[in-house]
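In: pasting the sequence and the predicted model now:
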Amino acid sequence: MLNIYTIFEFINLQYYELQINLYLSIYLSIYLLYFSSSTFYLKAQNNSVCENAIPLCFQNNEFVYSNNVNNTNIGQIACLGTTPNPSWNFLEVDNSGTISMQIKQTNNSGGLIDLDFVLWGPYSSIEVACDNLDIGCPTTQDCPNNTSNSTFYPYGNIMSCSYSPSSIENFTIPNALSGEIYVLLTTNYSGQQGEIIITQSNSNSTNAGSIYTDLNIDLGPDQNLCDDIVSTTLNAYSAGVDSYEWFKDGFFLSSENSAELIVTESGNYMVLAFNNTCNTVGQDNINVAFIDCNNNGLINVSSFLDQNNNSIFDTNESVFNNGYFTYELNSDGLVNYVTSSTGNFTIVSDDQNNYFDISYFLYDDYQNCYNIPTVQFSNISVMNGDELTIDFPVTEQQTCEDVGVYLSSNQSPVPGFDIINYLTIKNHGILPVSGTIEFNLDEDLILNSASNVDQNYTLTPNSNGFILDFVNLQPGNVSNINISINCPTNLVLGDAITNSVEYVTASNDVVSDNNFYSITENIVGSYDPNNIMETNGPEIVFDDFITTDEFLYYTIRFQNLGTAEAINVLIENTLDPLLDETTLQMLDSSHDVVLRKVNNQLTFDFKNINLPAEIQSVEESKGFIIYKIKPISGYNISTVIPNIAEIYFDFNEAVVTNTFTTTFIASELSIDEFESHQFKMYPNPANTDVTISFSRALKESFDLTIIDIQGKKVLSTRVSTDDKNTFNINNLESGLYFVEIKNYSYKQIQKLIVN
């Protein structure tokens, strides 16, 4: 999983420590620079030759740097008759699409001065580019200005060129592909000191590509290698990197400082890559395992969007996540269901006589959008010591737009404390999309701020929360926004709060079910960070629920409260028989995860999550998983569905969550009816016995529950309403409790103090 740390932030020349939590705490000392505007500004650099080309470091879609003066003329190149005071830059494509750029040059007084340029590409690296620059068409006299012949380029690897007297130039890269490198040469014809300003002019357009503004470090997926393989080479190369640092299991490898690392031992490897020009740091990690393949075989399974319909997983194609895998061993009738956030997983076979039937299926919502040419690979076997790859190509049946929005919270709401809601926007389609999101905040809460908002998005606060206009969200990409919320001190324990998010520009969206998401939680006095909850809250009005999609939306939250980083986290979740396991669908997760389901047993495997401990980083020590599932048919008023999970941090004993119960109830009574059922509780405070009585006798019986300030049930019983009911509280510790009386149509809560 790629984590990028952008060093340019808001602090004025202060010294900061960036803590990178792996098996131990590593501190990287960095300087943060203050910019009076959000534009990236770079002073004069020694980039007068191609080999010293500097990357375009965009901030808020603009890159500004001092032009070169007093440099020699390097002669005729392409359409440029002269090349005085040259400056070399390069860009790397992030999201595929059309990229249009505007370049202008000004003197120190702000006046426009002449600028000429040549653009080359695409290349695989800046090193390859500088050795392979076409300088003619085929001669320099044959290369026209793009202003006089707009259809001439590209010619060879010359993408565009202009030698006009204009001080503002433009070029376009049509159909740019992710990972491509383009080289830009600009000149300063007048020799005046000033600035060169580069902007992407189509950044908000549909189907626009984008440029990496951070370092793109990708070590690839985890590697499981046979132990007869002596070594494997990890490659962290990224254009614009000045230096590298490598770590194994958290320990610094002081002798390793190149883009490549030869690995001969199993372990978790991390690389830090530094760009001194843009002051950015890129990071990625990978787990390498040398296993005994003489006794094991590996089957690597993935699904991908086959854009050219050749059934081959090409390097420029992406994984496909709108479906799930199944596999069966030796036709034993036990089907394993697998959902992977990365679109791939590995089957380990310990017997070469084993055979597997492996299938891939679309979720129901996408049946009319895609086709799976090969649904199943049957009787797949692998010899011990061998490794197979099974790729499921998915082709487009029709172009479908699908944006999903999800909401989760970092903890339960506690009066006087802040919580964070995590808003996730996912583009499940295959085209870039722009639109509007509305976040609605519970009226009893206070919105502090929203952070991690893309610089091209517009966030407008209002009385209900905020409106977010997002642009150009690429296929398969996710935008995450952190919403800081204050819980006032006057909130009443036990009351429910509800926050929601809605994708409101959904006219072309093919899946309406994921355009709205809400979370309802009860106010508590304290909380356990390892817990499970359902977004509708503990009680759901039956008549309202059956008019919806009838899904329950569960969130399992976890936090590493230990003293060291957790390498792996495993969550086991046994579904109650009242839940229909065939309707299960994973929606969101904080980290890469593989979900395996066998019958009603769920296992969420966060392998190599490297989750920091709370003492290292409070927020980074937390994670979550969200899934949806339907109750089985036949549920009704008074149906109760419990759910509980067990969380394993490495090899420690399981952390058992709370048991969250969902109860379907009838419509709430009116205020008058509510008051007519008022019950009395005495004595209060009490220390041995408590008696309750009702203002009038009723036919129905009630459930009585006592809840402590942490939200835990400490006593539960059934009571009648036609006479007095007395219950013993000797076993309760001194403190504040809540006594809840309810049945299918009525609920009331009163406070109880135990001495």
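Out: Looks like it came in fine.

In: quick check: closest non-adjacent residue to the residue positioned nearest the centre of the chain.
Out: Geometric centre of the chain, nearest residue: Val478, 5.6 Å, by C-alpha atoms, centre = their mean. Nearest residue to Val478, sequence neighbours excluded (C-beta to C-beta, 6 or more residues apart in numbering): Lys426, at 5.1 Å. Every C-beta, even on glycine, is put in place using the N, C-alpha and C of the backbone.

In: do the same with Val569
Out: Phe606 (4.1 Å).

In: separation between the one you found and Ser311?
Out: Using C-beta to C-beta, to the nearest Å, Phe606 is found at 32 Å from Ser311.

In: compare neighbour counts for the two and give me the winner.
Out: Phe606 (26 against 13; other C-beta atoms under 10 Å).

In: the more buried one: what's it in contact with?
Out: Going by C-beta atoms under 8 Å, 6 or more residues apart in numbering, Phe606 touches 568-571, 591-593, 623.

In: export those residues to a markdown table and tack on secondary structure and distance to Glu443?
Out: Formatted as a markdown table, those follow (DSSP: H, G, I helix; E, B strand; the rest coil; distance: C-beta to C-beta, whole Å):
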| residue | secondary structure | distance to Glu443 |
| --- | --- | --- |
| Asn568 | coil | 41 |
| Val569 | strand | 36 |
| Leu570 | strand | 39 |
| Ile571 | strand | 34 |
| His591 | coil | 33 |
| Asp592 | coil | 37 |
| Val593 | coil | 35 |
| Gly623 | strand | 30 |
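
In: what number of residues are in the vicinity of Gly97?
Out: Neighbourhood size, Gly97 [other C-beta under 10 Å]: 23.

In: quick one: secondary structure of the residue nearest to Val478?
Out: At Lys426 the chain is in strand, as set by DSSP: H, G, I helix; E, B strand; the rest coil.

In: could you chop the protein up by domain?
Out: Split into domains by automatic domain parsing, the chain comes to 1-34+214-290, 42-200, 297-396, 399-527, 528-667, 671-754.

In: any chance of TSV for those domains, columns distance to Ala208 and mean pLDDT?
Out: Below are the domains of the chain laid out as TSV (distance: least, C-beta to C-beta, whole Å; pLDDT from 0 to 100):
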stretch	distance to Ala208	mean pLDDT
domain 1-34+214-290	18	68
domain 42-200	5	87
domain 297-396	18	90
domain 399-527	6	90
domain 528-667	26	90
domain 671-754	48	72
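
In: and these: which comes nearest Thr206?
Out: Nearest to Thr206, of all the domains of the chain, is domain 399-527, at 6.1 Å by C-beta to C-beta.

In: which residues does the closest residue to Asn477 other than its chain neighbours form beta bridges with?
Out: Using C-beta to C-beta, 6+ apart and skipping residues adjacent in sequence, the residue nearest Asn477 is Asn427, 5.5 Å away. Note on Asn427: beta-bridge partners by DSSP bridges are Val403.

In: before we move on, back to that, for burial, what's the neighbour tally of the residue nearest to Val478?
Out: 20.

In: so where do the helices sit in the stretch 651-755 of the chain?
Out: 671-676 (DSSP state H, counting those that start in this stretch).

In: which parts of the stretch 51-200 of the chain are helices?
Out: Using DSSP H, counting those that start in this stretch, helices in the stretch 51-200 of the chain cover 126-130.

In: where along it do the strands fall?
Out: 54-55, 62-66, 87-92, 97-107, 115-123, 158-162, 168-176, 181-188, 194-200 (DSSP state E, counting those that start in this stretch).

In: the first one pairs with which strands?
Out: It refers to strand 54-55. When DSSP bridges is applied, strand 54-55 pairs with strand 87-92 (parallel).

In: using CSV, list the CA coordinates for the partner strand.
Out: Extracted as CSV, the C-alpha positions of strand 87-92 are listed here (Å, rounded to 0.1, in the frame of the first residue of the first chain):
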residue,chain,number,x,y,z
SER,A,87,15.7,24.9,-18.5
TRP,A,88,14.9,21.2,-18.4
ASN,A,89,11.9,19.7,-16.6
PHE,A,90,10.0,16.4,-16.8
LEU,A,91,6.5,15.2,-15.8
GLU,A,92,5.2,11.8,-14.9
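
In: about what we covered before: mind putting the strands of the stretch 51-200 of the chain in JSON lines, distance to Asn560 included?
Out: Formatted as JSON lines, the strands of the stretch 51-200 of the chain follow (distance: least, C-beta to C-beta, whole Å):
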{"stretch": "strand 54-55", "distance to Asn560": "36"}
{"stretch": "strand 62-66", "distance to Asn560": "39"}
{"stretch": "strand 87-92", "distance to Asn560": "35"}
{"stretch": "strand 97-107", "distance to Asn560": "39"}
{"stretch": "strand 115-123", "distance to Asn560": "43"}
{"stretch": "strand 158-162", "distance to Asn560": "49"}
{"stretch": "strand 168-176", "distance to Asn560": "41"}
{"stretch": "strand 181-188", "distance to Asn560": "39"}
{"stretch": "strand 194-200", "distance to Asn560": "40"}
